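Enquirer: Here is the input, now give the coordinates:
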Amino acid sequence: MKVNTLEQQEKIYNIRVRMRGTSYQADVKIEGKRKQVSSKTHGDAVKKALHLLAVSLESPIKAAVRASTRSERAGTLGAGYKRACMRTWNSDIQKDWKSSRKRAEEILDFFGWHIAPSEITAVKLCTYADYQMDILGRAGSTINKSLSKLRVVLKHCVSLGHCQYIPLFPWCKIDKGRTRFFSLEEERMIVNWFQVNKRALIADFVIVAIDTGCRTGELQKLEWRDVMEDCSHITLRDTKNGQTRRVPLLKRSADIMRERKERGLHMPFEGLSGAKLTKNWKKMRTALGYKDDPEFIPHVMRHTCATRLAMNNTPELKMMLWLGHSTPSMVKRYAHLNVNHLADAVTSLEGYLATA
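Expert: Just a heads-up that it's a prediction; the model follows:
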């Protein structure tokens with residue numbers, strides 16, 4: 001099957017791209033209405049426009065059924081989605097039900113809410129996965145998350161009697177995950193940049209985030225009731241896996257908490273939104289010469305904490321409790337950093353050689 005280049009698809013779907021400041025803005029017409037998306041490069045702007053159109057490589061003329069025309073008629077994918085929301089994706093059953101619904105809506109926009117579940121074939125699923133990976137450049141893990149939501153919808157369609165079976169899903173290969181971490185020198189550079197540029201709030205945040213390994217969202221929502229009176233620990237209540245955990249504070253982080261509390265702030269990191277952190281992080285990354293490093297992102301602060309725990313021979317169970325991982329597999333990626341990880345194996349081999 002021939003796949004048109006981005007330049008050819010830009011012409012086929014009448015996508016108009018122009019410069020707006022330092023970004024490229026792409027205009028595309030969907031159901032008679034003009035939509036606009038922007039990106040740093042011409043090609044990425046075209047890809048975003050194609051994503052809005054949800055162009056199928058199997059049928060180049062087809063565009064997605066947008067939210068305004070979503071259907072919940074019996075015998076359709078929309079009906080399966082409605083039942084999935086009732087039985088699976090709701091606040092009583094799933095913590096991140098909103099995220100699940102959003103992903104499901106995105107993939108149903110691609111295939112069409114009004115089509116019969118039996119029209120979702122293995123070939124079409126492969127076409128979707130190829131489009132997401134080759135055209136939009138999405139990671140295998142991201143594609144799998146979307147596919148898993150469609151599979152849930154199809155399972156409900158089967159239970160409703162709207163189709164007889166679920167097709168074979170083309171699960172994508174997942175990489176080993178991000179292994180980037182900040183060295184002590186990089187940490188000093190980051191903190192120093194924020195301090196010099198009068199962004200003490202973010203400088204404090206970076207230190208606590210690296211020391212605790214908390215997700216940025218967990219720290220941003222932290223309240224003073226979650227900080228021990230002596231600032232020895234913090235309690236995280238609304239975590240990703242739904243479990244409450246306590247994380248100890250290192251001396252420098254405890255000092256930061258005491259200083260911020262004495263200032264009478266409403267919350268430990270009052271005024272630091274996700275958007276504000278992202279905006280200032282990009283400025284810092286560019287100023288320090290890391291603009292082209294795709295993994296120089298705030299989440300690496302969490303990986304830095306995990307790496308330091310492993311390098312200092314912290315047992316896997318304690319790492320799980322500290323970081324809030326639900327399975328050992330999440331911390332095994334750091335096992336090679338633990339210098340004593342294979343010490344018992346060395347002792348065993350030494351003993352074998354001694355008796356030879």
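
Enquirer: How about His299: what's its closest non-neighbour residue?
Expert: Of all residues not flanking His299 in the chain, Thr216 sits nearest, at 7.1 Å (CB to CB, 6 or more residues apart in numbering). For the C-beta atoms, the positions are set from N, CA and C on the backbone; glycine is no exception.

Enquirer: Surely the one you found and Gly274 touch.
Expert: Yes - the pair Thr216 / Gly274 is scored as a contact, 7.1 Å apart, by CB atoms under 8 Å.

Enquirer: more crowded one of these two?
Expert: Thr216 (21 against 11; other CB atoms under 10 Å).

Enquirer: what helices or strands is the top helix by length along the chain leaning on?
Expert: The single longest helix within the chain, with elements called by DSSP state H, is helix 140-160. Helix 140-160 is packed against helix 77-87, helix 97-111, helix 122-130, with contacts defined by 3 or more CB pairs under 8 Å, 6 or more residues apart in numbering; DSSP states H and E.

Enquirer: Could you list the alpha-carbon positions for that helix in CSV?
Expert: Extracted C-alpha coordinates of helix 140-160, given in CSV (Å, rounded to 0.1, in the frame of the first residue of the first chain):
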residue,chain,number,x,y,z
GLY,A,140,4.5,2.2,21.3
SER,A,141,3.3,2.6,24.9
THR,A,142,1.1,5.5,23.9
ILE,A,143,-0.5,3.6,21.0
ASN,A,144,-1.1,0.5,23.2
LYS,A,145,-2.9,2.7,25.7
SER,A,146,-5.3,3.9,23.0
LEU,A,147,-5.8,0.4,21.6
SER,A,148,-6.5,-1.0,25.1
LYS,A,149,-9.4,1.5,25.4
LEU,A,150,-10.9,0.4,22.1
ARG,A,151,-10.6,-3.2,23.2
VAL,A,152,-12.6,-2.4,26.3
VAL,A,153,-15.3,-0.8,24.1
LEU,A,154,-15.4,-3.9,21.8
LYS,A,155,-15.7,-6.2,24.9
HIS,A,156,-18.8,-4.3,25.9
CYS,A,157,-20.1,-4.5,22.3
VAL,A,158,-19.7,-8.3,22.5
SER,A,159,-21.6,-8.4,25.8
LEU,A,160,-24.4,-6.3,24.2
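
Enquirer: could you give me the average pLDDT of the helix or strand that it is followed by?
Expert: Remark: after helix 140-160, the chain's next helix or strand is helix 184-196, criterion DSSP states H and E. For helix 184-196, mean pLDDT is 97.

Enquirer: Now helix 184-196: buried residues?
Expert: By neighbour count on 16 or more other CB atoms under 10 Å, the buried set for helix 184-196 is 187, 189-191, 193-194.

Enquirer: and it, what other elements does it pack with?
Expert: helix 200-212, helix 274-287.

Enquirer: The same query, at a cut-off of 6 Å, please.
Expert: helix 200-212 (3 or more CB pairs under 6 Å, 6 or more residues apart in numbering; DSSP states H and E).

Enquirer: buried ones in the helix it packs on?
Expert: Those would be 201-212, for helix 200-212 by 16+ other CB under 10 Å.

Enquirer: Sort out which residues of whichever helix or strand comes after that helix are buried, please.
Expert: Of the helices and strands lying after helix 200-212 in sequence (DSSP H and E), the nearest is helix 216-220. Neighbour counts over helix 216-220 (16+ other CB under 10 Å) mark 216, 218-220 as buried.

Enquirer: what pLDDT, on average, does helix 216-220 get?
Expert: Rounded mean pLDDT across helix 216-220 is 92.

Enquirer: how far is the next helix or strand after it from where the chain is centred?
Expert: Counting by DSSP H and E, the next helix or strand C-terminal to helix 216-220 is strand 233-236. A distance of 23 Å separates the centroid of the chain from that of strand 233-236, by CA atoms, centre = their mean, to the nearest Å.

Enquirer: can you check stretch 196-216 too?
Expert: Counting by CA atoms, centre = their mean, stretch 196-216 is centred 20 Å from the centre of its parent chain.

Enquirer: Also stretch 268-287?
Expert: 18 Å.

Enquirer: What residues sit buried inside that stretch?
Expert: 268-269, 272, 277, 280-281, 284-285.

Enquirer: Point out where the protein drops to low pLDDT.
Expert: Applying pLDDT under 70 to the chain flags the ranges 1-4, 30-32, 54-73, 175-178, 240-242, 336, 338-342, 344, 356.

Enquirer: Go ahead and flag the most central residue of it.
Expert: Residue closest to the average C-alpha location in the chain (CA atoms, centre = their mean): Thr142, at 8.0 Å.

Enquirer: Leaving out the residues flanking it, which one is nearest to that one?
Expert: Gln132 (7.6 Å).

Enquirer: Trp281 too?
Expert: Trp281's closest residue in space is Pro298 (CB to CB, 6+ apart), at 5.6 Å.

Enquirer: nearest to Ala79, of the buried residues of helix 200-212?
Expert: Ala209 (43.9 Å; CB to CB).

Enquirer: Isn't that closest one up against Met301?
Expert: Yes - using CB atoms under 6 Å, Ala209 is in contact with Met301, at 4.2 Å.

Enquirer: which residues are common contacts for the two?
Expert: Shared contacts of Ala209 and Met301 (CB atoms under 6 Å, 6 or more residues apart in numbering): none.

Enquirer: In CSV, list the buried residues of stretch 268-287 along with distance to Asp292.
Expert: Converted to CSV, those look like this (distance: CB to CB, whole Å):
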residue, distance to Asp292
Pro268, 33
Phe269, 29
Leu272, 26
Leu277, 20
Asn280, 19
Trp281, 15
Met284, 14
Arg285, 9
